[in-house]
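K.L.:
give me coordinates for this.
(chains A, B, C and D)
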Protein chains: 2
Amino acid sequence: MGAKITSLQVAKMAGVSQSAVSRVFSGASASPATTKKVKKAAKQLGYRPNVLARAMITGKSRIIGLIVAYLDNQFYPEALERLSNALQAQGYHILIFTVSNSTDGIENVVQDLLDYQVDGIIAASVSMSSGLTELCVKAGIPVVLFNRGQPGSGLSAVTSANIKGATMATQALIDAGHTRIAHIAGWEGSLTGRDRRQGFEDAMAGAGLTPFAIIDGMYKRNVAAATARQLMAGETRPDAIFAGNDHMAFAVMDEIRQMGFSIPDDVAIIGYDDVPLASWPAYDLTTVRQPVNRMVEATIDTLMSAIDGQDTYTQTIEIEGPLIQRGSSKPLKGSPL
Amino acid sequence: MGAKITSLQVAKMAGVSQSAVSRVFSGASASPATTKKVKKAAKQLGYRPNVLARAMITGKSRIIGLIVAYLDNQFYPEALERLSNALQAQGYHILIFTVSNSTDGIENVVQDLLDYQVDGIIAASVSMSSGLTELCVKAGIPVVLFNRGQPGSGLSAVTSANIKGATMATQALIDAGHTRIAHIAGWEGSLTGRDRRQGFEDAMAGAGLTPFAIIDGMYKRNVAAATARQLMAGETRPDAIFAGNDHMAFAVMDEIRQMGFSIPDDVAIIGYDDVPLASWPAYDLTTVRQPVNRMVEATIDTLMSAIDGQDTYTQTIEIEGPLIQRGSSKPLKGSPL
DNA sequence: CTGAAAGCGCTTACAG
DNA sequence: CTGAAAGCGCTTACAG
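P.N.:
Numbers count the residues shown, from 1 in each chain, chains lettered A, B, ... in the order given. Below is the predicted model of the structure:
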């Protein structure tokens, strides 16, 4: 068992040279007669080329390293699935690394990826230190950041239009007549979190309103829940909360309902992402949609052209998504429903 | 850029042979003096061994192929994360393939995996045709099925004790006083689905009860929701529903609540898996816990000993989990709460 | 179009 | 302990 079949054995059986076998399988030119003989022998022996050996020579492993965190946030499994499908369709394979949100894990991960001679790296919601970035650049391995920009890093990034999206969400709350609007923000250490906060502040300022509160929810369920409880337990309460993402918004809704408040009557909630769960009746969450499919497309495109060496310059792509109005917030004030 | 540093360059700089460099990095014996010189040169040049080249010679790629479907079911992202962490800790890396539930996709996937010379394969909730199984056996690549047994396949498998778990769940409904109990079953094409159905039927028969209905929910949200609606729209209605997994149970709860029924007063619901969402207040779902961490442990253990060639025999491991009583079902009849 | 040969970057017996 | 050499399974100029 495990008796590996090599191109040499196929060659012998087919009565041709080893190079001929290689040519047939690597798509190089070969006469119909040779091709036929080789294919027949290969089939009989169950031969398939060793991809690792091929990779060594061509310098192309056709492996893409994917680094992902936050798998408990429904946005990422979906993104992972779509990235995976898109990459498979192009004949690439994904070497996956899951990391925790802490930064220290990622150092080794990138080195491991590089050791495997990956052709490119997609980093979903993780930050790359300048040292790591340099490492990849030196190795000539393109990196694309997914759903997390990193200004000044020199890395390509694909995100949604976070400032604009957050402005839309906040504006919707303002237009519905809310005045005491709080923001449970995404992790301040991430550009995504900072941009959404910026959008919130812009909209509030534009309406001449003072934020009821801005608190970092760290993109974590328990932090968001605790924050919500604290906000709602006070003497004066917010009449609306914009959460930095859906994952936190669900925790906020759970907590607030448990306290006996009604959504959206006592307090309106808006999230960000539009993960599948947001549309389920149990939450029915108003949210800003991040168009996963278009973000994935852009990511793959960016990565592929970098691998092909077409574009050596860095691209930052922002994709806009609509506000999806649902039951967790009130429609426009005075608007018919 | 991309000027790959090889062991030969390190050797020249360190003034030793290429073999010496290799020995230092592959953990073979080398004198302290040599080791020091080599490490110094390697560091200066930023050298790291090419894992692909190493894999070619040793015949060990340290890559594990992971096939996963149903990523929209919260159980799998969690399992993926834990599998990934456990494997990384052992120095293995995961080549991931996401497949749809349809069987046709997996054929090519396994071939791709084999082409990459993976050391082993973990198949999460996907079935392997006998042809595929034979392919892996011939290639000497161990396969472990995760959360999906396949009797007669000769493959190792790790699952929860599905029959027992389903019996417990059903018994809990019976003990709470329900008599018109329906089962929205997991996909009949899967052993998991059939076993849970079996457990349901056993418990019902044991109590002298006739199932109100048994309908295949295909492990799909929309099918489960439609089934629930149909059941509840009838003249006589079930007073309890056991769903084949949590993912379907959530859909059932959403649908039933939208119809205006109350849970658990009008109808009690129990699921299977105990995914994180089950404990969130919005669902508060009574369910049978699948101990992911122990299932992952068992999977890794089984795979590793197969890779090391210690155990060539097939193992089928079933892990028991407790029933987690929550608000979607009533506690034991007459019990204080 | 085809075969003989070199070489990808390593590991590992084999002598010394 | 160490170096020279063979070889893992391929691809790819190079002649013919």
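
K.L.:
ok, which stretches of chain A are helices?
P.N.:
A:7-14, A:18-26, A:32-45, A:51-58, A:75-89, A:104-115, A:130-139, A:162-175, A:191-206, A:221-233, A:246-258, A:292-307 (DSSP state H).

K.L.:
just name the most buried of those.
P.N.:
By mean neighbour count, with neighbours taken as mean count of other C-beta atoms under 10 Å in any protein chain shown, helix A:246-258 ranks first of the helices of chain A at a mean of 24. Where C-beta positions appear, they are placed from N, C-alpha and C, glycine not excepted.

K.L.:
just how off-centre is that one within its chain?
P.N.:
In terms of C-alpha atoms, centre = their mean, to the nearest Å, the centre of helix A:246-258 is found 23 Å from the chain centre.

K.L.:
how close does A:Ala41 get to A:Gln9?
P.N.:
From A:Ala41 across to A:Gln9, the span is 8 Å (C-beta to C-beta, to the nearest Å).

K.L.:
which neighbours do those two share?
P.N.:
Overlap of the contact sets of A:Ala41 and A:Gln9 (by C-beta atoms under 8 Å, 6 or more residues apart in numbering or on different chains) consists of A:Tyr47.

K.L.:
what's near enough to touch A:Thr170?
P.N.:
Per C-beta under 8 Å, 6+ apart, neighbours of A:Thr170: A:181, A:183, A:199-200, A:202-204, A:242, A:270.

K.L.:
so where's the stretch 1-150 of chain A shaky on pLDDT?
P.N.:
Within the stretch 1-150 of chain A, the ranges that satisfy pLDDT under 70 run A:1-3, A:101-104.

K.L.:
closest to DNA strand D among the contacts of A:Thr170?
P.N.:
Proximity of the contacts of A:Thr170 to DNA strand D was ranked by C-beta to the nearest atom of the strand; the top entry is A:Gly199 with 48.6 Å.

K.L.:
from what I see, the closest one and A:Ile163 are in contact.
P.N.:
Yes: contact criterion C-beta atoms under 8 Å: A:Gly199 and A:Ile163 qualify, at 4.2 Å.

K.L.:
residue contacts, A:Ile319?
P.N.:
By C-beta under 8 Å, 6+ apart, the residues touching A:Ile319 are A:158-161, A:290-291, A:294-295, A:298.

K.L.:
how much space between it and A:Val143?
P.N.:
19 Å.

K.L.:
repeat for A:Gly260
P.N.:
In this view, A:Gly260 and A:Val143 are 48 Å apart by C-beta to C-beta.

K.L.:
the two: which has the busier surroundings?
P.N.:
A:Val143 (27 against 8; other C-beta atoms under 10 Å in any protein chain shown).

K.L.:
quick one: residues contacting the nearest residue to that one once chain neighbours are set aside.
P.N.:
With sequence-adjacent residues excluded and distances taken as C-beta to C-beta, 6 or more residues apart in numbering or on different chains, A:Val143 is closest to A:Ile121, at 4.6 Å. Counting by C-beta under 8 Å, 6+ apart, A:Ile121 touches A:64-67, A:110, A:113, A:136, A:141-144.

K.L.:
ok so, going back, between the contacts of A:Thr170, which sits nearest A:Asn222?
P.N.:
Lowest distance from A:Asn222 to those (C-beta to C-beta) belongs to A:His183, with 18.1 Å.

K.L.:
so that closest one sits right up against A:Met248, yeah?
P.N.:
No: judged on C-beta under 8 Å, A:His183 makes no contact with A:Met248 at a distance of 10.8 Å.

K.L.:
A:Ala213 against A:Met232, yeah?
P.N.:
No: A:Ala213 is beyond contact range of A:Met232, at 11.1 Å (criterion: C-beta under 8 Å).

K.L.:
what's the neighbour count on A:Val68?
P.N.:
So A:Val68, with other C-beta under 10 Å, has 26 neighbours.

K.L.:
next one: phi and psi at the spatially closest residue to A:Arg62 that is not a sequence neighbour?
P.N.:
Leaving out its chain neighbours, the residue that sits closest to A:Arg62 by C-beta to C-beta, 6+ apart is A:Tyr92, at 5.3 Å. Backbone torsions of A:Tyr92, given as degrees, to the nearest 10, read phi -100, psi 160.

K.L.:
and A:Lys43, how far from chain B?
P.N.:
To chain B, A:Lys43 is 13 Å away according to C-beta to the nearest C-beta, to the nearest Å.

K.L.:
how near is that residue to A:Val16?
P.N.:
For A:Lys43 relative to A:Val16 (C-beta to C-beta), the value is 15 Å.

K.L.:
can I see the domain layout of chain A?
P.N.:
By the assignment in automatic domain parsing, chain A contains the domains A:7-49, A:61-160+A:292-319, A:162-289.

K.L.:
reformat those domains into TSV and put distance to DNA strand D next to each item.
P.N.:
Below are the domains of chain A laid out as TSV (distance: least, C-beta to the nearest atom of the strand, whole Å):
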stretch	distance to DNA strand D
domain A:7-49	3
domain A:61-160+A:292-319	12
domain A:162-289	40
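
K.L.:
so can I have TSV of those domains showing distance to B:Gly208?
P.N.:
Output for the domains of chain A, formatted as TSV (distance: least, C-beta to C-beta, whole Å):
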stretch	distance to B:Gly208
domain A:7-49	56
domain A:61-160+A:292-319	42
domain A:162-289	36
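
K.L.:
tell me which of the ones you listed sits nearest to A:Ser328.
P.N.:
Nearest to A:Ser328, of the domains of chain A and by C-beta to C-beta, is domain A:162-289 at 4.5 Å.

K.L.:
and the closest one, average pLDDT?
P.N.:
Averaging pLDDT along domain A:162-289 gives 97.

K.L.:
burial count for the residue nearest to A:Arg62?
P.N.:
Neighbourhood size, A:Tyr92 [other C-beta under 10 Å]: 21.

K.L.:
from A:Ala306, how far off is whatever residue of the stretch 101-250 of chain A ends up closest to chain B?
P.N.:
Residue nearest to chain B within the stretch 101-250 of chain A (C-beta to the nearest C-beta): A:Gly140, separated by 2.9 Å. A:Gly140 is 10 Å from A:Ala306, where distance means C-beta to C-beta.

K.L.:
residue contacts, A:Glu221?
P.N.:
You called it Glu, but residue A:221 is Arg. Contacts of A:Arg221 (C-beta under 8 Å, 6+ apart): A:72, A:247-248, A:250-251.

K.L.:
nearest residue to A:Leu132 other than its sequence neighbours?
P.N.:
A:Val110 (4.9 Å).

K.L.:
wait, what's in contact with the nearest residue to A:Ala226 once chain neighbours are set aside?
P.N.:
Closest residue to A:Ala226 apart from its sequence neighbours, by C-beta to C-beta, 6+ apart: A:Glu255 at 8.0 Å. By C-beta under 8 Å, 6+ apart, the contact list for A:Glu255 reads A:225-226, A:228-229, A:232.

K.L.:
my read is that the residue nearest to A:Leu132 contacts A:Lys138, right?
P.N.:
No: with contact defined as C-beta under 8 Å, A:Val110 does not count as touching A:Lys138 (11.9 Å).

K.L.:
excluding chain neighbours, what is closest to A:Ile96?
P.N.:
Leaving aside its chain neighbours, A:Ile96 sits nearest to B:Ile96 (4.5 Å; criterion: C-beta to C-beta, 6+ apart).

K.L.:
compute the number of surrounding residues for the one you found.
P.N.:
The number of residues packed around B:Ile96, counting by other C-beta under 10 Å, is 22.

K.L.:
gap between the residue nearest to A:Leu132 and A:Thr133?
P.N.:
Taking C-beta to C-beta, one finds A:Val110 at 9 Å from A:Thr133.

K.L.:
can you check A:Pro264 too?
P.N.:
A:Pro264 sits 43 Å away from A:Thr133, going by C-beta to C-beta.

K.L.:
tell me, what's the model's pLDDT at the closest residue to A:Ala79 other than its chain neighbours?
P.N.:
Nearest non-adjacent residue to A:Ala79, counting by C-beta to C-beta, 6+ apart: A:Val292, 5.5 Å away. Note on A:Val292: pLDDT of 96.
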